[in-house]
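Participant: Okay, sequence plus prediction incoming.
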Amino acid sequence: MDFELAQDDLELVHALQIAPRLSWTELGKVLGRHPATLSNRWNRLHSQRVVWILGHLGGRPQMHCTVLLDVEVDPRLMDATLRALCRIPEVNSVDSSSRHADFRLTCIAPDWLSMSHRVLPKLWAVEGVLRIKASVCTRVYASGDQWRLDVLSPRQEDELRAWRQHRRFQSELSLRPCGPALKSCRSMAEQQHEI
């Protein structure tokens, strides 16, 4: 399917790359579009499978063990093997590969011992897995969440970052203890828990 996205579509996607949790109203102020227009545009792009939302664990490799695995699979069992690999909780992502392997997996475990004693045996136990080549991630130079379309103006990018910071600050405020009412609610809850 060959097509080009309209400039408005690209701007919306770029804005969501920078500040994915903003409301349509907040995004509309930066992009100069009506919130309903942005929502409809996103729904259309999403239903066409042009855009999607992906969540994944992040952090530094020193915090956990991240391994990139090239997995070769029996061609007769490709679909069933893929479904089984996707059910393994430590498999963070599965990508089709056009190189030597059929799939490229990103697996995350607390440490190398867990990876080698718990995760890798699960992968080898999947019917259809023929070969696994592991590459341990020791440093991340760039990650997918840093990639941007680069279609917005610097002013728009700055506005989105400011909105994002404002939203983050507001959510932090709502999580802070604030006065005697919260303390008395907390104390009543603790007393009920003790009973």
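Facilitator: Sure thing, it's come through.

Participant: Distance across stretch 147-159, terminal residue to terminal residue?
Facilitator: Using CA to CA, to the nearest Å, the end-to-end distance of stretch 147-159 comes out at 18 Å.

Participant: One more: stretch 117-126?
Facilitator: From its first residue to its last, stretch 117-126 covers 15 Å (CA to CA).

Participant: outside of it, which residues touch it?
Facilitator: Residues outside stretch 117-126 that contact it (CB atoms under 8 Å, 6 or more residues apart in numbering) are 67, 69, 71, 81, 84-85, 88, 90-91, 105, 107, 109, 129, 132, 134. From N, CA and C alone the C-beta is placed, and that goes for glycine too.

Participant: In helices, which of these appear?
Facilitator: T81, A84, L85 (DSSP state H).

Participant: Nearest to Q48 among the residues you listed?
Facilitator: The closest of these to Q48 turns out to be L85 (CB to CB; 27.0 Å).

Participant: Can you report how many residues neighbour that closest one?
Facilitator: Applying other CB atoms under 10 Å, we find 21 residues neighbouring L85.

Participant: now W24
Facilitator: Using other CB under 10 Å, W24 is surrounded by 19 other residues.

Participant: can you tell me how far the nearest residue to it once chain neighbours are set aside sits from D70?
Facilitator: In space, and not counting its chain neighbours, W24 is closest to P35: 3.6 Å by CB to CB, 6 or more residues apart in numbering. With distances taken as CB to CB, to the nearest Å, P35 is found 44 Å from D70.

Participant: Also V50?
Facilitator: 28 Å.

Participant: now do T138
Facilitator: 17 Å.

Participant: ok, the two, which is more surrounded?
Facilitator: D70 (17 against 9).

Participant: Quick check: bridge partners of the more buried one?
Facilitator: Listed beta-bridge partners, D70: R104, K133 (assigned using DSSP bridges).
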